[in-house]
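[1] Any chance you can model this:
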Amino acid sequence: MTLVSILIPAYNEEEFLPVVLDRVASAPLPAGVEREVIVVDDGSTDATGEIALAAARHSNGLVRVLRHERNLGKGAAIRTALGAARGEFAIIQDADLEYDPREYPKLLAPLLEGRADAVYGSRFAVGTERRVLYYWHAVANRWLTALANLASDLNLTDVWTGYKAFRTALVRSIPLRSNGFSFEAEITLKLAQREAVIYETPVSYHGRTYEEGKKIRPRDALYGILTIARFLLQRDIYADAGPEILDRLAGARRFNAWMADTIRPFVGRRVLEIGAGIGNLTRRLAPGRQLYIASDIDGEHLARLAARMAHRPQVRTARIDLGRSEDFAPFRGQIDTVVCLNVVEHIEDDRAALRNIFEVLAPGGRAIILVPEGPGLYGELDAVLGHWRRYSEQELRRKMTEAGFELERVFGFNRVTRPGWWWNGRVLKRRTFSRLQLWAFDRLVWLWRRIDRWLPWPGVSLIAVGRKPGTDQTR
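    Numbering: from 1, shown residues only. Below you'll find the predicted structure:
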C-alpha cells in the first residue's frame with residue numbers, strides 16, 4: 001500500500017476549508033494508494049484553526065493539524081507539513097478551492113509509475129479548463145515562468161502553479177528557505193539543480209478574485225524575481241556535507257566521462273554496478289548492455305535512478321548492501337561484470353565485501369574496483385565521506401587475491417589531483433571541495449587525461465581489475 005500525504009497550508013480560509021477537506025477526503029486515488037491529510041494553520045485570525053481541529057477529531061486519524069502561532073507564509077507552512085508527512089509522495093493542496101482534488105490521479109500517475117520525481121499541474125497547458133480572470137496576472141505569471149525556466153534550463157508552462165506533487169524524501173532532503181509564495185520558484189530551481197525528473201500535466205483552475213480572498217500580491221512577483229536570482233547564484237540543495245560533496249563531484253561531467261572511459265574496456269554485457277548513486281556513471285556505461293543492474297543502499301538514490309533510467313528497458317535497480325551476502329543472492333550467475341567505484345572503502349569489513357563481489361560473478365567474470373589510494377592522504381574529506389580507510393596497492397592486491405580473484409591489472413588513476421587532495425584534506429582540513437576548484441579542474445580534463453600517466457607520484461585512486469577463474473557458460 002502506497003501512502004500519499006496531502007499538504008494543506010491554510011491562512012484565514014474559514015469559508016472554504018470545510019469544503020476543501022470534504023473534497024480531499026472523497027477524492028479518487030489510484031488503486032493501492034491511501035491518503036493522509038496534514039493541515040497547517042498558518043497563524044489564522046479567523047476560525048480556520050478550529051475548523052481544521054474539528055475535522056481532525058471526526059476523521060478517524062485521516063486529518064492531522066499543525067499550527068503556527070503567527071502567519072509565516074505558504075513556504076513556511078509547507079516546510080512544517082513536510083516535516084510531519086509520512087507518505088512516500090506528497091501533494092500540495094491549497095485551501096481556497098482553486099484546484100480540484102478529483103485530479104489527484106493525473107498528478108500521481110508519473111510518480112507511481114516511477115517516471116517522475118515531481119509533477120506540476122499546469123493551468124496553461126493545452127486541454128485545461130480555467131476561470132477567465134486577470135490579464136496582467138497571467139502576463140506576470142508567464143514572464144516569471146520564463147525567467148525561472150531560463151535560470152533552471154526547464155521548459156515548464158506554469159512554475160507558479162499551486163498544484164505540485166513529488167516524492168516526499170526528495171523534497172525533504174532539499175533545504176527550503178522561502179517563507180512566502182517564492183517557495184514556488186525556489187523549489188523549481190532546486191529540483192532542477194538536483195537533476196530531478198519533472199513532468200507536467202494539465203489541470204483545471206478555478207481562480208478567485210481578491211474580493212473572494214485571493215492572497216498573492218504584486219510584490220510577490222518582485223520577491224519571486226529576487227528568489228530566482230538568489231538561488232541561481234547560490235547552489236543550496238543539500239542539508240548534509242557528504243551528499244553536498246558528491247553533488248559537487250557529480251557536476252564534474254568531464255571527469256566522470258574520463259572515469260567511465262577508463263573502465264569501459266573491461267565492462268561486459270551483464271553488469272552489476274554497486275553504489276550507483278544518482279547514476280552519473282550508469283548513464284555512461286548502461287547503453288549497449290544486455291542487462292545493467294544499478295544498485296545502492298539509499299532509497300532516495302534508487303528512486304532517482306529509476307526515474308532517470310526509465311527509458312532504458314535493460315536497466316534495473318536494486319537495493320544491495322555490499323556488506324550483506326544475501327542481497328547478492330538473486331543475481332548470482334547472471335553477472336559478468338561488477339563495477340564498484342568508491343564503495344569498498346565505506347565498508348568496515350572490506351574482505352567480506354570483496355568476497356560478496358566474487359560470489360555474484362559468473363565464472364570468467366570481472367570485478368572493476370576503484371578505491372582511494374594512499375593511507376597517508378586520509379584527512380577531513382575522507383571522514384566526511386565516510387571512508388574507513390585509504391589503500392596501498394599492496395593491500396588492495398592482497399585482499400582481492402584472498403577473495404579469490406586473479407588480478408589482470410592494478411593501476412593508479414587521477415594523479416593530477418593528489419597535491420590538491422593533500423592540501424585541502426590534510427593541511428587546510430577542509431570538509432568540502434571548492435566549486436571554483438572543481439570547475440577549473442573539470443574544464444581542463446582534456447589536458448589531465450593526456451599527462452596523468454606521466455606524473456611522478458601515485459594517483460588519488462587505485463583501480464583493480466580482477467577475474468573470477470573459470471569460463472562463463474552463459475556466453
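[2] does the closest residue to R253 other than its chain neighbours sit in a helix or strand, and which one?
    Leaving out its chain neighbours, the residue that sits closest to R253 by CB to CB, 6 or more residues apart in numbering is D442, at 6.8 Å. Quick note: C-beta positions are derived from backbone N, CA and C, even for glycine. Using DSSP states H and E, the element containing D442 is helix 435-443.
[3] Quick check: buried residues in that helix?
    Buried residues in helix 435-443, defined by neighbour count with 16 or more other CB atoms under 10 Å: 438, 441-442.
[4] tell me which residues of stretch 296-305 are tucked away?
    So for stretch 296-305, counting by 16+ other CB under 10 Å, buried means 296-298, 300-305.
[5] From the chain's centroid, how far away is it?
    Centroid separation for stretch 296-305 versus its chain: 8 Å, with CA atoms, centre = their mean, to the nearest Å.
[6] same question, stretch 103-123
    That offset, for stretch 103-123, works out to 16 Å (CA atoms, centre = their mean).
[7] outside of that stretch, which residues touch it?
    When contacts are defined by CB atoms under 8 Å, 6 or more residues apart in numbering, stretch 103-123 is touched by residues 2, 4, 27-30, 33, 89, 91, 99, 128, 130, 156-159, 161, 163-167, 170-171, 191, 196-205, 303-304, 306-307, 310.
[8] what about it, how long is it end to end?
    12 Å (CA to CA, to the nearest Å).
[9] Need the contact partners of the helix or strand harbouring R67.
    Using DSSP H and E, R67 maps to strand 63-68. Here strand 63-68 makes contact (CB under 8 Å, 6+ apart) with 21, 25, 36-43, 49, 52-53, 55-56, 76-77, 80-81, 84.
[10] In PDB, could you pull the C-alpha coordinates for that strand?
    Output of strand 63-68 as PDB, limited to C-alpha atoms (Å, rounded to 0.1, in the frame of the first residue of the first chain):
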ATOM      1  CA  VAL A  63      -6.600  14.500   9.200                       C
ATOM      2  CA  ARG A  64      -3.800  16.000  11.400                       C
ATOM      3  CA  VAL A  65      -3.500  19.700  12.200                       C
ATOM      4  CA  LEU A  66      -0.300  21.700  12.900                       C
ATOM      5  CA  ARG A  67      -0.300  25.400  13.800                       C
ATOM      6  CA  HIS A  68       1.900  28.400  13.500                       C
END
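[11] Beyond that strand, next helix or strand please.
    helix 74-84.
[12] other SSEs contacting the helix or strand following that next one?
    Sequence-wise, the next helix or strand beyond helix 74-84 is strand 89-92, with elements assigned using DSSP H and E. Applying 3 or more CB pairs under 8 Å, 6 or more residues apart in numbering; DSSP states H and E, we find strand 89-92 packed against strand 2-10, helix 74-84, helix 104-112, strand 164-167, helix 168-172.
[13] Is it possible to get JSON lines of these that adds distance to L385, mean pLDDT and mean neighbour count?
    Formatted as JSON lines, the helices and strands packed on strand 89-92 follow (distance: least, CB to CB, whole Å; pLDDT from 0 to 100; neighbours: other CB atoms under 10 Å):
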{"stretch": "strand 2-10", "distance to L385": "32", "mean pLDDT": "97", "mean neighbour count": "23"}
{"stretch": "helix 74-84", "distance to L385": "27", "mean pLDDT": "96", "mean neighbour count": "21"}
{"stretch": "helix 104-112", "distance to L385": "31", "mean pLDDT": "95", "mean neighbour count": "20"}
{"stretch": "strand 164-167", "distance to L385": "25", "mean pLDDT": "96", "mean neighbour count": "24"}
{"stretch": "helix 168-172", "distance to L385": "21", "mean pLDDT": "93", "mean neighbour count": "19"}
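[14] Tell me which of the ones you listed lies nearest to A185.
    Proximity to A185 (CB to CB) singles out helix 74-84 among the helices and strands packed on strand 89-92, at 10.0 Å.
[15] And the closest one, what does it pack against?
    Checking 3+ CB pairs under 8 Å, 6+ apart, helix 74-84 ends up next to strand 2-10, strand 33-42, strand 63-68, strand 89-92, helix 168-172, helix 183-193.
[16] from the middle of its chain, how far away would it be?
    19 Å.
[17] Name the surrounding residues that touch it.
    5, 7-11, 38, 40, 42, 64, 66, 68, 90, 92, 168, 171-172, 176-183, 186.
[18] rerun that using 7 Å as the cut-off
    Outside of helix 74-84, the residues within contact range by CB atoms under 7 Å, 6 or more residues apart in numbering are 7, 9, 38, 40, 42, 64, 66, 68, 90, 92, 168, 171-172, 176, 178-183.
[19] buried subset of these?
    7, 9, 38, 40, 42, 64, 68, 90, 92, 168, 171-172, 176, 178-183.
[20] May I see the buried residues of the longest helix seen in the chain?
    Scanning the chain for the helix with the most residues, using DSSP state H, yields helix 135-152. Along helix 135-152, these residues count as buried under the neighbour rule (16+ other CB under 10 Å): 140-141, 144-145, 147-149, 151-152.
[21] Please apply the same query to stretch 378-392.
    In stretch 378-392, counting by 16+ other CB under 10 Å, buried: 378-382, 384-385, 387, 389-391.
[22] Tell me how far Q394 lies from A464.
    Distance, Q394 to A464, using CB to CB, to the nearest Å: 12 Å.
[23] Which one's more surrounded, those two?
    It is A464, of Q394 and A464, that has more neighbours when counted by other CB atoms under 10 Å, with 24 against 9.
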